[in-house]
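1. Just a sequence and a predicted model for now, questions to come.
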Amino acid sequence: MRERIKRLTPKAIIELYKGIRYGFITVFFYLFRIFPIRKNRIVLMNVWGFGDNVKYVTEELISRKKPYELIFICNRPENVTISKSVKIKKTNTLSAIYALATAKVWVESNRKEGYIKKRKNQYYIQLWHGGFALKKIEGDCEDYLGETYIKRAKKDSLMTNLYVSNSTYCTKMYRRAFWFTGEIAEWGSPRMDLLLSQNEKLKNQIKANLGIDKTKKVVLYAPTYRSSEDLSVYELHYDTLCSELSKKFGGEFVAIERLHPLVREQSTQLKKLGNRIDASSYKDMYELMLIADVLITDYSNTMFEFALMNRPVFLYAKDYKNYKEERGFYFDFPTLPFPIAYTEGELKDKIRHYEDSEQEVVKRFLAELEVKETGAASIKVADRIDQVIKRTYKK
């Protein structure tokens, strides 16, 4: 046996370790299911940290000061700052899987691990992390995601009691792409509550935390993830960009760069093309969107959400042809209601010739999707959790 292990490559040893650990975790998860479900225990999960839709539902539950046991699970709990009333646990640790096995309510924004199985009297709310989607997802791109992931995703949807949607468009997409026949509530996205609030005090606080004077304007560059190793697709000349934006919209612009979590570890390899604030590790993308006056992205669904604040969005997609072949889109990209540039030169030109009337085109586009954002999604999700737990105590 020792000789066989010696002949294994480092990669094979890592995979062996993962397999053994996964089996160990699975066994304990099912052992923990013998313990009774805690009627007031709520587990909230977001693998990337304290952000996205789950963050705002958690904060709403905290504000209600009810006798709930709130447990937040993520990959890096050491980076999470949250109320002391919430217990923080690391994904796939024994304490985390015990919490999952015994909680009354699960609230999630991603897919759960394959070993996790909901018990009969547990209630699972899936908030999802995508909302509007340009890129095809889940069941609409099964070949791209692979058999293993699709199998896990189908299992996750089968366990789900409630999906929360932000529009009629998304509801239809969830039905199809998530293989889901259960309840879908069109309450909006909890993370959009922040953007629609337009909290000026919070905006100034976020700017101060980033070292930005409150009188300056902000352009947020937030490209999405590509599987390609070509990092040049993320590069942008920030000084020139800010100069063009200042000429067009007035004021002095500061650039913020926000890379996808899967790209941020490679960010040190990117060329430094002008002054910008690297906010790739900033905990909450939506706080950055709140303070931004202009968004530049490529294929990210943030284009639609940012547009709901009636602020300019520019799409910079220098690798459009390759990306389209890799993933596929729900919308015909060139016909999207935003100025689209395929080179930096075109981006400058789109900024120079931008007209306020272009926002009316965006509004009509969003109206066709039948958007249901009201700024109260977090409240509605928390209300449902209250109802579920109240029903449990009546039994």
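-> Great, that's in hand. Note that the structure is a prediction, hence the values are computed from the model and not measured.
2. Can you find the helix or strand in this structure with the smallest mean pLDDT?
-> helix 2-7 (a mean of 56; mean pLDDT, DSSP states H and E).
3. Quick one: name whatever helix or strand follows that one.
-> Sequence-wise, the next helix or strand downstream of helix 2-7 (DSSP states H and E) is helix 10-32.
4. That next one: which residues count as buried?
-> Ile25, Thr26, Phe29 (16 or more other C-beta atoms under 10 Å). Quick note: C-beta positions are derived from backbone N, CA and C, even for glycine.
5. The closest residue to Asn110 other than its chain neighbours: how many residues sit nearby?
-> Leaving aside its chain neighbours, Asn110 sits nearest to Val47 (5.4 Å; criterion: C-beta to C-beta, 6 or more residues apart in numbering). The tally of other residues near Val47 (other C-beta atoms under 10 Å) stands at 18.
6. for the protein, what are the low-confidence residue spans?
-> For the chain, the stretches with pLDDT under 70 are 1-8, 264-272, 393-395.
7. Just the CA trace of stretch 352-366, in PDB.
-> Extracted in PDB, the C-alpha atoms of stretch 352-366 (Å, rounded to 0.1, in the frame of the first residue of the first chain):
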ATOM      1  CA  ARG A 352     -18.200  60.500 -26.300                       C
ATOM      2  CA  HIS A 353     -21.500  60.000 -28.200                       C
ATOM      3  CA  TYR A 354     -23.600  58.800 -25.300                       C
ATOM      4  CA  GLU A 355     -27.100  60.500 -25.000                       C
ATOM      5  CA  ASP A 356     -29.400  60.500 -22.000                       C
ATOM      6  CA  SER A 357     -32.200  59.300 -24.400                       C
ATOM      7  CA  GLU A 358     -30.500  55.900 -24.500                       C
ATOM      8  CA  GLN A 359     -31.800  55.300 -21.000                       C
ATOM      9  CA  GLU A 360     -35.400  55.200 -22.400                       C
ATOM     10  CA  VAL A 361     -34.400  52.300 -24.600                       C
ATOM     11  CA  VAL A 362     -33.100  50.500 -21.500                       C
ATOM     12  CA  LYS A 363     -36.300  51.200 -19.600                       C
ATOM     13  CA  ARG A 364     -38.400  49.700 -22.400                       C
ATOM     14  CA  PHE A 365     -36.200  46.600 -22.500                       C
ATOM     15  CA  LEU A 366     -36.500  46.000 -18.800                       C
END
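8. May I see the buried residues of that stretch?
-> Neighbour-count burial for stretch 352-366, counted by 16+ other C-beta under 10 Å, picks out Tyr354, Glu358, Gln359, Val362, Phe365, Leu366.
9. who does the spatially closest residue to Val388 that is not a sequence neighbour bridge with?
-> The shortest distance from Val388 to any residue other than its chain neighbours is 4.8 Å, reached at Tyr123 (C-beta to C-beta, 6+ apart). With DSSP bridges as the criterion, Tyr123 is bridged to Val105.
10. quick one on the thing from earlier: quick one, what contacts the residue nearest to Asn110?
-> Contact partners of Val47, counting by C-beta atoms under 8 Å, 6 or more residues apart in numbering, are Cys74, Asn75, Thr91, Asn110.
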